[in-house]
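1. Provided below for reference: sequence and predicted model.
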Amino acid sequence: MQRTIYVVDDVPTNVMLIETAFKGEQDIVIKKAYNGKEFLDAIESKGPPSLILLDLMMPIMDGFDVLKRLKEVREKNYFPIIVLSALTDKQFIIDALSLGADDYITKPFFVEELKARVFNMLKLKERDEILHKSMNIMESNLRESLQMLTYAQLEIIIRLGKAAEFRDDKTGKHIERIADYVNLVAEELGINSEHAMMMRYAAPMHDVGKIGIPDDILLKPVNLTDEERKIIKMHTVIGSKILSGTNLPLLEFAREIALSHHERWDGDGYPIGLKGTDIPLSGRIVAITDVFDAVTSDRIYKSAWPIEMALNYIKDQRGRQFDPEVVDAFFNVADNILQIKKSNADEPYEKPIIKQIIDGDVSIEELVDLWR
């Protein structure tokens, strides 16, 4: 490996002496400059050297100014500086070291001592570079591991959301659209990108509590009784319990949404009856996006509403069921929401598999054959 040493000194005999000292070292290349400006111009075009031997007293630009100018350069790309100077006053030595010099040798110097110090500095620099590369590799591996862990958490969340939705939505596209809607509305409201992204990934868990609702109620094709309505409303509490007891911010967002997305702005929602801004913003956003997508989708117990009818309903419920500001944000991005609805539309509606089994339309054996 070739190493470049820059000698910055206005006395040609000093430069020649150093060139002679390193002449037999095949991996050392000596370059020279006779003042600070000449040196700085050279490294600006050719890049930094492996090490600098720097005189302090020079014309045009002295060594102290060079040390000051190199401070920022060396923060990005470190190289050692050994000061070679006839100045022996302790204050000059202190000043040079304070400005970033790594070593100080007074003139006249012993050639062998100079060479020994130079090679020691080069070894330290090379060890520092190896350590720096190792740290970069470790940091890169750690980032990759954390990224994989994050992706795994997101995948689990999405899959769990789909598991709940699968019972009455065969494709699971409802939760995919909800995630996109929530992201659009959150950004329109000016929520910072980190929180908007958290809401996007947490939103698919809003109905995870459906897992705890009996099939004969969840998939009932006719109107529910008052008692059955009380049971189905419990999916908010069940979802909250499923997602509670974690210190992961993403799952805490999901728990908040699961519990609050059926609360109403006027206080007539469930399960707690929160009102206005007492309802978490995440719940208020999911409330409107969930209603829009649910009413415009076919289910076993209802047919889809026309889009215009759904939009009119949301306008009518501004300040009643829904937060007025969230309604306004929703309509500001309505064109994009409708595009998502169109491009990620449900397949022609089929009775959910679970309902087909309950009704005897398909047997477990046929289902296993179908999924083999």
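-> The structure has been received and is ready for your questions. Residues are numbered from 1 along each chain as shown.
2. So E188 is in contact with V333, correct?
-> Yes. Between E188 and V333 there is a contact at 5.1 Å, judged by C-beta atoms under 8 Å. Heads up, the C-betas are built off the backbone N, CA and C, glycines and all.
3. Can you report how many residues lie near the spatially closest residue to N35 that is not a sequence neighbour?
-> The shortest distance from N35 to any non-neighbouring residue, by C-beta to C-beta, 6 or more residues apart in numbering, is to I60 (4.2 Å). For I60, the neighbour count with other C-beta atoms under 10 Å is 11.
4. The one 3 residues further on now?
-> If you count neighbours by other C-beta under 10 Å, G63 ends up with 27.
5. do the same with T20
-> 11.
6. Using the three-state scheme, assign it.
-> helix (DSSP: H, G, I helix; E, B strand; the rest coil).
7. OK, contacts around it?
-> Not one residue lies near T20 by C-beta atoms under 8 Å, 6 or more residues apart in numbering.
8. what's the spacing between it and N344?
-> Distance, T20 to N344, by C-beta to C-beta, to the nearest Å: 76 Å.
9. Also P49?
-> For P49 relative to N344 (C-beta to C-beta), the value is 58 Å.
10. When those two are compared, which one has more neighbours?
-> Using other C-beta under 10 Å as the criterion, P49 and N344 rank with P49 on top: 22 against 13.
11. circling back to that earlier point, before we move on, what SS does the residue nearest to N35 have?
-> Applying three-state DSSP: I60 is coil.
12. Phi and psi next, for it.
-> Torsion angles at I60 (phi, psi; degrees, to the nearest 10) stand at phi 70, psi -60.
13. L40 is in contact with that one, correct?
-> No. At 10.5 Å, I60 does not count as touching L40 under the criterion of C-beta under 8 Å.
14. Let's see the strand or helix carrying V73 as CSV, backbone CA atoms only.
-> According to DSSP states H and E, V73 maps onto helix 63-76. What follows is helix 63-76, C-alpha atoms only, in CSV (Å, rounded to 0.1, in the frame of the first residue of the first chain):
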residue,chain,number,x,y,z
GLY,A,63,1.6,26.6,9.6
PHE,A,64,-0.8,27.9,12.2
ASP,A,65,-3.2,29.1,9.5
VAL,A,66,-2.9,25.7,7.8
LEU,A,67,-3.8,23.9,11.0
LYS,A,68,-6.9,26.1,11.3
ARG,A,69,-7.9,25.5,7.7
LEU,A,70,-7.4,21.7,8.0
LYS,A,71,-9.7,21.2,11.0
GLU,A,72,-12.9,20.7,9.0
VAL,A,73,-11.2,18.6,6.3
ARG,A,74,-9.7,16.2,8.9
GLU,A,75,-13.1,15.8,10.6
LYS,A,76,-14.3,14.1,7.4
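15. start the count at 356, not 1, going forward
-> Yes, from this point I'll number from 356; that puts the last item at helix 418-431.
16. tell me the average confidence for it?
-> What helix 418-431 shows for mean pLDDT is 88.
17. so what secondary structure elements neighbour that helix?
-> Here helix 418-431 touches helix 391-401, strand 406-409, strand 436-440, helix 445-453, going by 3 or more C-beta pairs under 8 Å, 6 or more residues apart in numbering; DSSP states H and E.
18. Single out the most deeply packed of these.
-> Neighbour counts (mean count of other C-beta atoms under 10 Å) averaged over each of these peak at strand 406-409, with a mean of 26.
19. May I have the strands that pair with that strand, each with its orientation?
-> With DSSP bridges as the test, strand 406-409 is paired with strand 358-363 (parallel), strand 436-440 (parallel).
20. sorry, back to before: report the buried residues of the helix holding V428.
-> Neighbour-count burial for helix 418-431 flags G418, F419, D420, V421, L422, L425, R429 (criterion: 16 or more other C-beta atoms under 10 Å).
21. do the same with stretch 621-639
-> Result for stretch 621-639 [16+ other C-beta under 10 Å]: buried residues G624, Y625, P626, L629, I634, P635, L636, S637, G638, R639.
22. now the end-to-end length of it.
-> Taking C-alpha to C-alpha, to the nearest Å, the first and last residues of stretch 621-639 lie 12 Å apart.
23. again with stretch 595-615
-> 9 Å.
24. Check which residues of that stretch are buried.
-> 595, 597-598, 605-606, 608-615.
25. pLDDT averaged over it - what is it?
-> pLDDT averaged over stretch 595-615 gives 87.
26. again with stretch 454-468
-> 89.
27. Quick one: end-to-end length of it, please.
-> From start residue to end residue, stretch 454-468 stretches across 23 Å - C-alpha to C-alpha.
28. what sits up against it?
-> Outside stretch 454-468, the residues touching it (C-beta under 8 Å, 6+ apart) are 369, 372, 376, 409, 419, 422-423, 425-426, 429, 435-443, 448, 451-452, 469, 472, 476.
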